[in-house]
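J.: Mind folding the following:
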Amino acid sequence: MEKTTAGLEALEVTVRESGGSFRTDRVCGQQASCTHSQAQAVEALAGKLFRRWSVTLLEEYPHSATDNRRSRWKIEGEVG
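T.: The predicted model follows:
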């Protein structure tokens with residue numbers, strides 16, 4: 001995790017679509033998945049890692065071999 005201003009920490013995660021669900025990277029031993037949306041999977045992961053957080057979609061793209069969706073997200077959060 002990278003330190004930012006105002007006591008926040010930031011990290012980037014990738015979400016992959018697989019078998020009808022969206023799964024995040026594993027961060028600090030935590031991972032999240034959701035069958036509804038990529039954003040909800042990232043929000044669930046952020047909730048496991050931080051007391052307060054915000055998420056930002058950085059990029060969304062199809063995986064070249066499978067055509068499943070992938071996305072890259074930034075999570076900024078306050079530890080405590």
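J.: Give me the neighbour count for Ile19.
T.: Slight slip there: residue 19 is Gly, not Ile. 8 (other CB atoms under 10 Å). C-beta: built from backbone N, CA, C; applies to glycine.
J.: Quickly note the distance from it to Glu9.
T.: For Gly19, the distance to Glu9 equals 31 Å [CB to CB, to the nearest Å].
J.: ditto for Gly29
T.: 16 Å.
J.: So if I had to pick from those two, which one is more boxed in?
T.: Higher neighbour count among Gly29 and Glu9: Glu9, with 16 against 7, using other CB under 10 Å.
J.: thought that one was touching Lys74?
T.: No. At 11.2 Å, Glu9 does not count as touching Lys74 under the criterion of CB atoms under 8 Å.
J.: okay, and for the protein, where does confidence drop off?
T.: For the chain, the stretches with pLDDT under 70 are 1-8, 67, 80.
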